[in-house]
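# Here is a sequence together with a model predicted from it:
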Amino acid sequence: MRARSRSTEEAMPLSRRAFVKALGIGSAGVFAARRDAWAEVAAQATSAPPPRPLLLHNNENPLGPGQAALDALRSALGAGEPAGRYVFSRVGELHQAIAERFATRPENVVTGCGSTQILRAAVQMFTSPTRPLVAGDLTYEECAGYAELIGTPVRAVPLDRALKLDLPAMADAAKGAGVVFLNNPNNPTATLHGADAVGGFIDRVLTASPDTTILIDEAYHDYVTDPSHQTQVKTALRNPRVIVARTFSKAHGMAGMRVGYALGHPDTIRRLESWEGSNALNVAGLVVAIASIRDQARLDAERDRNTQARQFTIDWFARAGFPATDSQTNFLFVNIKRPAREFRDACRAQGVVVARDFPPFEKSHVRISIGTLDEMKQAVDVFGKVLGVKAKAA
Amino acid sequence: MLLSRRSFLDAVGLREAGPLSPAVVAARGREAAVAAGAPALGATDLPGDPAEIRISSNENPLGPGPAAMRAFVRAFEDAGRYPTNARPSMAELRHTVARRLSVRPENVALGAGSWELLRTAVRLYTSSSRHLVTASPSFEQPETMAEQIGSPVRRVPVDTDGRLDIDRMAQAARWAGLVFFCNPNNPTGGVHGARAVADFVTRVRRESPETAILIDEAYHDYVTDADYATALPLALEHPNVFITRTLSKAYGMAGLRVGYAVGQARTIEAFNRWAITFNQNSLSVAAAVASLEDPEHIAKERARNAEVRRFTATLFQDLGYRVLPSDTNFVLVEIGRPARDFREACAKHRVLVGRDFPPFGQTHTRVSLGTLDEMKRAGSVFAEVLGKRQK
């Protein structure tokens, strides 16, 4: 459904595309007049901003939210008045929609300003100066960053040789910890642990350290294609010591709209909710999230689109002699055999933005987000020049 | 002018004589849904019952201005980009705030509404041994946070006009971690002039130099009192003095969650360190930047609100009830009976007024200001529910 090339996307801003689509529907005079009100908006919204570089540094979905979700937003906000209202009731609607998606109840759901707010709440509620955080080294840094702010010690567990989270070592470190953070698939290494490994890890931690909360961040779940993968949502719903966090920022294409959620046992969810409540949620994000969580077809299409672009890029690097990890996400972690910084600066000069340094791998690896297939075709041309790969060889 | 509300309603053929009718205002969501050819919405997706008058949360009944909504729609394109990558970006919003206030970006911290900034301030400056000073009643977020982290709270009653009791707050500030000074004060509505605020800050700085002072100016844009001025110069002059503002009130963006704090760079740096990661959303950033570049719209909104405020104060006074002086978009009215009884009676007529505000819950009600037309309709409900006050 999203086969349009990037160039078409850029030629016609989303708002305009939505509007054009709307024109094809309905014919009564009054409807036409109503559309004219939006026509005025759309017409004024066409001063296209200058072209920007290819953004392959923040693991965003290059297509943004689905069209249906944006239509829902435009409809819900009308000429703007609801944007002036506090969101109160819509938070409940989103919790209901998420609960329906997972065949559970709203008491099992908490939402936040991105999953980041929920990760922070978990660290806040379940760690302390005497109950450390356990996290991989390297993994998504939100939890460790917040732990440092509030004075919670962090036990950083190095990755294994395959650049995967070292589950046995993390389970050992979890004894007496407040929270163990499991990012699966793991950002920035893109690696996954299958359901058996994760299940075994959970059992081991719960047995050895029954007061430790296991916080599983499945931000990239919707991009996984490895059949050994399974979400841990079911475990989280029945076990107060397990939380699964998800985000609308990745496959749902809503990085700009700031909505994340977590699923868990009602007792755990209540504690997360009690810390900051829903005051940071915005109405636009809520409306789009409600529509997006109900649009599984769009998610499936997005996974397929990403898988294709991902495979193309992995293959290109493999042929060029630069191995990437087995990515189960919308980014690659590639061994470019040189400092990321040199590579990044050179790519930036040619209009492609790749990610920052990720120590301790900054001398050898770079993280590259997956854009559209067209974008990746452009990007590998640049990568080839920067890495000195002959076109034929690649 | 683009989609001014008027042209929008002209276009949809629903404009009625006189001010916007709430029915039309509330129904706009449905109109737009039809216009967009979007799937039919469930009843709960709509802004509310068209006949309902929501004057309970100090919201701007008209929402963001037209320039803001135009920018908001344009930003749909960047909904998939983090607010650091969106155009305009979070950084540009910070710069815009700074430019409008003639300060530097380092003096500005953004929040997901000022709510987030108030909480951060309480975390940064209070502890189990450094108490929070606030007024009673005042906006509760700071004391809620203090209770969550175990910081003691000293509540200083407002004066008989519902204004912050400056003298007693200054006394309570000795050895305090933080003073929360909400000016104008929510839920009472009263404001202190520039001189009084400056004297307060000077006194606290002298008598308790380690105490931070947060001057919350959420209702700044609604103030009409000629003696009032922003405390911004004080925030720039003194370390650990800062102001907070929100775009939830006059800017009509309560649903979009944009607020900011301003102070010395070193004070502000801590707010940014503690901020929720990506606490802005890309669409709100665009709307906020456009709003801040359109001060004329805010001036109009202030005038509109002032007219409604006069009308509403008069209507309660005509019924014999005292209205506390207000420089905001709400009034606190001494109804001489429990707020809850009044609220429930009004709700039966689909007029939603404010919740209880202890210690005034048994005697006062807070009524937010809707459109003039809404207040006319609400006024007849108030008259019916309250009756003329018996002398």
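Right, received. Where do you want to start?
# following the lowest-mean-pLDDT helix or strand in chain B, which helix or strand comes up?
One helix or strand of chain B scores below all others by mean pLDDT, DSSP states H and E: helix B:22-36, with a mean of 28. Sequence-wise, the next helix or strand downstream of helix B:22-36 (DSSP states H and E) is strand B:53-54.
# Can I get the helix or strand just after that next one as PDB, trimmed to CA atoms?
Downstream of strand B:53-54, the first helix or strand assigned by DSSP H and E is helix B:66-74. Presented in PDB, the C-alpha positions along helix B:66-74 are these (Å, rounded to 0.1, in the frame of the first residue of the first chain):
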ATOM      1  CA  PRO B  66      -5.700  29.900  12.800                       C
ATOM      2  CA  ALA B  67      -2.000  30.300  12.200                       C
ATOM      3  CA  ALA B  68      -1.300  27.600  14.800                       C
ATOM      4  CA  MET B  69      -3.800  25.200  13.200                       C
ATOM      5  CA  ARG B  70      -2.400  25.800   9.700                       C
ATOM      6  CA  ALA B  71       1.100  25.000  11.000                       C
ATOM      7  CA  PHE B  72      -0.200  22.000  12.800                       C
ATOM      8  CA  VAL B  73      -1.800  20.500   9.600                       C
ATOM      9  CA  ARG B  74       1.400  21.300   7.600                       C
END
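# Check which helices and strands helix B:66-74 is in contact with.
helix A:29-44, helix A:67-77, helix B:282-292 (3 or more Cβ pairs under 8 Å, 6 or more residues apart in numbering or on different chains; DSSP states H and E). C-beta coordinates here come from the backbone N, C-alpha and C atoms, glycine included.
# Report whether the following helix or strand past the longest one contacts chain B.
Using DSSP H and E, the helix or strand that directly follows helix A:29-44 along the chain is strand A:54-56. Yes - shown here: strand A:54-56 in contact with chain B (Cβ under 8 Å from any Cβ of the partner chain) through A:Leu55.
# quick one: strands adjacent to strand A:54-56?
strand A:352-354 (parallel) (DSSP bridges).
# Give me the next element, helix or strand, following the strand it pairs with.
strand A:365-369.
# Off-centre distance for that following strand?
For strand A:365-369, the separation from the chain centroid amounts to 16 Å (computed by Cα atoms, centre = their mean, to the nearest Å).
# which residues sit against the next helix or strand after it?
Counting by DSSP H and E, the next helix or strand C-terminal to strand A:365-369 is helix A:373-387. Residues from elsewhere that reach helix A:373-387 (Cβ atoms under 8 Å, 6 or more residues apart in numbering or on different chains): A:5-7, A:54, A:56, A:62, A:305, A:308-309, A:312-313, A:316-317, A:320, A:322, A:336, A:343, A:346-347, A:350-352, A:368, A:370-371, A:389-391, A:394.
# Now do the contacts for the residue most central in space within chain A.
Against the mean C-alpha coordinate of chain A, by Cα atoms, centre = their mean, the closest residue is A:Lys250 at 3.1 Å. Contact analysis of A:Lys250 by Cβ under 8 Å, 6+ apart lists A:59-61, A:219-220, A:222-223, A:330.
# Please repeat the previous calculation with a cut-off of 10 Å.
A:59-61, A:115, A:187, A:218-223, A:302, A:306, A:329-331, B:80 (Cβ atoms under 10 Å, 6 or more residues apart in numbering or on different chains).
# Repeat that for A:Ala171.
Going by Cβ under 10 Å, 6+ apart, the list of residues near A:Ala171 reads A:134, A:157, A:180, A:200-209, A:212, A:214.
# Can you give me the domain boundaries for chain B?
Chain B breaks down into these domains under automatic domain parsing: B:71-294, B:297-386.
# ranges for the helices of the stretch 151-300 of chain B?
Secondary structure of the stretch 151-300 of chain B, counting by DSSP state H, counting those that start in this stretch: helices at B:166-172, B:194-207, B:232-237, B:265-274, B:282-292, B:295-318.
# Just tell me which of those helices ends up closest to chain A.
helix B:282-292 (3.0 Å; Cβ to the nearest Cβ).
# do the host helix or strand of A:Glu93 and chain B meet at all?
According to DSSP H and E, A:Glu93 maps onto helix A:88-101. Yes - under the criterion of Cβ under 10 Å from any Cβ of the partner chain, helix A:88-101 makes contact with chain B via A:88-90, A:92-93, A:96.
# Any chance of CSV for those, columns pLDDT and neighbour count?
Formatted as CSV, the residues of helix A:88-101 next to chain B follow (pLDDT from 0 to 100; neighbours: other Cβ atoms under 10 Å in any protein chain shown):
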residue, pLDDT, neighbour count
A:Phe88, 80, 12
A:Ser89, 81, 12
A:Arg90, 91, 24
A:Gly92, 95, 15
A:Glu93, 95, 18
A:Gln96, 97, 15
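# Closest one of those to B:Gln171?
Checking those against B:Gln171 by Cβ to Cβ gives A:Phe88 as the nearest, at 37.6 Å.
# What residues does that closest one make contact with?
So A:Phe88 contacts A:278, A:281, A:283, B:57, B:255 (Cβ under 10 Å, 6+ apart).
# Show me which of the residues you listed is closest to B:Ala229.
So of the contacts of A:Phe88, ranked by how close each gets to B:Ala229 (Cβ to Cβ), first place is B:Ser57, at 26.9 Å.
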